[in-house]
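S.K.: Build me a model:
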Amino acid sequence: MFRLQRFFSSTSLVFILVTAVLLGFFYRYLSIELLLHDGENKNVATTQVLANSLWPQIAPLLVEARPVAVDADTELLHRRVAQLIEGLQVVKIKIYRPSGMTVFSSDVAQIGEDQSDNSAVALARQGAVSNAFVERDHFNNFDQRVEHLDLLQTYLPLFVPGSGKIVGVFEVYSDYTPTLSRIARVQGVLMAGIGLILLLLYAALLLLVRHAETIISRQQVQLHRHVEELKKTQLQLESRVAERTQTLRLSNQKLEVEVRQRERMKQIISEREQRLQAVMDNLLNAILVCNDQGQIELINPSAERLFGYSSRDMAGQNLFSLLLVGQHCNAELRSQTVERWLAQLLEAPAERQLLRRDGSSFTAEVAVSRTVHEALSRYIVSFRDLSAQVLAEKALAESHQKLLQQEKMVAIGSLSAGIVHEIGNPIAAIDGLLQEICSDTACTQALPPEVRNDLELIQQQTQRLINITRDMSEFSNPQGEIRQLIDFNSLVARTCRLMRYDSRMDNVQLRLDLDSSLPAVVVCGDQIIQVLMNLISNAVDAINSCRSAGGEIVARTRTAGNNISLSVQDNGSGMDADAVEHARDAFYTTKSPGKGTGLGLSICHSIVALHGGEIEIESAEGRGTYVQVILPVAAMAQQPSSAVFS
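M.R.: Have a look, this model is predicted:
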């Protein structure tokens, strides 16, 4: 059993003794430190007084060239120093030259000693003050001898009075033997007093510990009795625990069976979810799952790619935020709720305009199915992107329109050829008769001047009709899609001459600016004619839409390196930036309904591209349009174009 009183008695007594001793030594340490500080200040003051009072006697001794000896000056200085330090604690004073030689000492026997290796002298020469307390019967490290008094030894720099120049070193010995004796006596009294106080405290604590030990003994007896009772209770509890453990073991076996069954069901459900997720991930159609309020809960990767959102961005969004905000859809959405809109799509799939994240719209077929689980409705919305189908239908419509236009132009060409042939015969007969009349000089001279002028006018207009029928005959005679080397300037001039017969050109001046150095090029003549006629026709319509007179069209040809350029410039209404951007698109037109198909520039672009060239368009509203066609000089043979006249 642990003896508290015995342990406390021994440890406390040791603690009291150690504490008293430590406090006594601490007091002695503090007293000596204060003594050193006070002694240093006194010694500094003493040396200042000596230096000021005895400087005339001290100065000659510091001259290095003077021999060191005990002479009359030294004895005089010795008497003066003895008078000044009489009644002070100073017992000895020494003066050193800067070289460390002792030139004066209260102890005459020490004059002439060399202290150059004394570290304290070296420090004093540098202006530092050094202190050392040497106790009685202890070795003095500076003077290398045993002292018989308690001395405070101070080394101080010796300054020239009134100057900061160091010319020597003072060493002052102060006797502190009586002071240390008093400190020792006080130290003993202090240690005794502290010891007495601690002993009284020890006695009080000892009584307290004895009382506490008595209480602890009684508590141990009670604790022992309680432990015995606890052991009996433990035996009873162990018996009950064994019974309960057996019951729990049986229950645990049943639970293990249920857990295995649930894990099996969980594995089956997980496999089904993985198969379902694999199906969702690989479906081409976009699939969204939303609740009754239209909030999106689940999407598949196809939906992420279709709409441009990640599953995290779309989760929780309303389904209507994905619908295109067109005028028709806006009206429909404003008048419907999400439930009603989904209910309509439950009946049959429908096409809807939808909106991607980047703002682009597309057409999709939307189908909706509804499922109910645990009284909660969920809608599965499927989106099938019809963009490729719409583009295909648009391309098919464009091809169909081009085919109709081609057939129409073929029919017009055949009709024109027949009309030209029928008109050509009467005109040839009229021209023959006019030539016969005009060849009879006598007859024509007999006619009045007015008749002769009318006859010349008739002959000029007949020749004009002949030129028109010849141009139309050449134009209506198709040359096929074979490319051949042709005179490009002649082709442009002939086409422009034919376009001047158009009634829309009455208020428009068509001017040619042809480059005479233009080389021959390999092109399909009919297709280039079609391009030029379309460009001139568009220019005429642009001028007539904003001008009643003063319209001008300039057709130019130029050489540009290995290419040639054909440009058509007008001073018509012009186009804005959006119209210029979409000008080459099929079925795009700025003309009023019924006045254009929107295929002209689209066909021109196709023809020029097949020739390895390109079309450049520059236009501004109210400032006219400049269209430039750039073609290679020797175009490679490519797939024949199916373009037709517009």
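
S.K.: ranges for the helices of the stretch 301-450 of the chain?
M.R.: 301-307, 311-314, 327-334, 338-347, 387-439, 441-446, 449-476 (DSSP state H, counting those that start in this stretch).

S.K.: Could you tell me the least trusted of those?
M.R.: Comparing mean pLDDT over the helices of the stretch 301-450 of the chain, the weakest stretch is helix 327-334, at a mean of 46.

S.K.: The stretch 51-200 of the chain: helices as residue ranges?
M.R.: Going by DSSP H, counting those that start in this stretch, the stretch 51-200 of the chain shows helices at 72-85, 119-125, 177-282.

S.K.: Which one, of those, ends up nearest to Asp576?
M.R.: Asp576 lies closest to helix 177-282 among the helices of the stretch 51-200 of the chain, at 46.2 Å (Cβ to Cβ). C-beta coordinates here come from the backbone N, C-alpha and C atoms, glycine included.

S.K.: Could you list every helix and strand that the closest one packs against?
M.R.: With contacts taken as 3 or more Cβ pairs under 8 Å, 6 or more residues apart in numbering; DSSP states H and E, helix 177-282 sits against helix 4-61.

S.K.: Who are the packing partners of the helix it packs on?
M.R.: On a contact count with 3+ Cβ pairs under 8 Å, 6+ apart, helix 4-61 meets helix 72-85, strand 90-96, strand 102-105, strand 130-134, strand 151-159, strand 166-175, helix 177-282.

S.K.: what's next to the first one, contact-wise?
M.R.: Which is helix 72-85. Residues from elsewhere that reach helix 72-85, judged by Cβ atoms under 8 Å, 6 or more residues apart in numbering: 46, 49-50, 53-54, 57-58, 60-61, 93, 104, 106, 108, 111.

S.K.: Now the buried members of those residues.
M.R.: For the contacts of helix 72-85, a burial check counting by 16 or more other Cβ atoms under 10 Å picks out 46, 50, 54, 57-58, 61, 93, 104, 106, 111.

S.K.: Closest one of these to Gln222?
M.R.: Using Cβ to Cβ, Thr46 comes nearest to Gln222 of the buried ones among the contacts of helix 72-85, at 77.3 Å.

S.K.: pretty sure that closest one contacts Val90?
M.R.: Yes: the criterion here is Cβ atoms under 8 Å, and Thr46 meets it with Val90 at 6.0 Å.

S.K.: Pull up the overlap in contacts between the two.
M.R.: Residues touching both Thr46 and Val90 (Cβ under 8 Å, 6+ apart): Val172.

S.K.: Could you export stretch 543-562 as CSV, CA atoms only?
M.R.: Provided in CSV are the C-alpha atoms of stretch 543-562 (Å, rounded to 0.1, in the frame of the first residue of the first chain):
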residue,chain,number,x,y,z
ILE,A,543,-31.0,50.0,-110.3
ASN,A,544,-34.7,50.0,-111.3
SER,A,545,-35.7,49.5,-107.6
CYS,A,546,-34.2,52.9,-106.6
ARG,A,547,-33.7,54.9,-109.9
SER,A,548,-36.0,56.1,-112.7
ALA,A,549,-33.0,57.4,-114.8
GLY,A,550,-29.2,57.7,-114.6
GLY,A,551,-28.6,54.0,-114.1
GLU,A,552,-25.2,52.6,-115.2
ILE,A,553,-23.7,49.1,-115.4
VAL,A,554,-20.1,48.6,-116.2
ALA,A,555,-18.8,45.2,-117.3
ARG,A,556,-15.0,44.9,-117.1
THR,A,557,-12.4,42.2,-117.9
ARG,A,558,-8.9,42.3,-116.5
THR,A,559,-5.8,40.2,-116.3
ALA,A,560,-4.5,39.4,-112.8
GLY,A,561,-1.4,37.2,-112.8
ASN,A,562,-2.4,33.7,-113.8
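
S.K.: quick one: average pLDDT of it?
M.R.: On average, stretch 543-562 scores 84.

S.K.: same thing with stretch 495-515?
M.R.: Averaged over stretch 495-515, pLDDT sits at 83.

S.K.: Buried ones in stretch 19-38, by neighbour count?
M.R.: Going by 16+ other Cβ under 10 Å, stretch 19-38 has these buried residues: 20, 23-24, 27-28, 31-32, 35-36.

S.K.: measure the closest residue to Asp513 other than its chain neighbours to Ile536 for me?
M.R.: Counting by Cβ to Cβ, 6 or more residues apart in numbering, Asp513 lies nearest to Arg556, which is 4.3 Å off, once chain neighbours are set aside. Remark: distance between Arg556 and Ile536 (Cβ to Cβ, to the nearest Å) = 12 Å.
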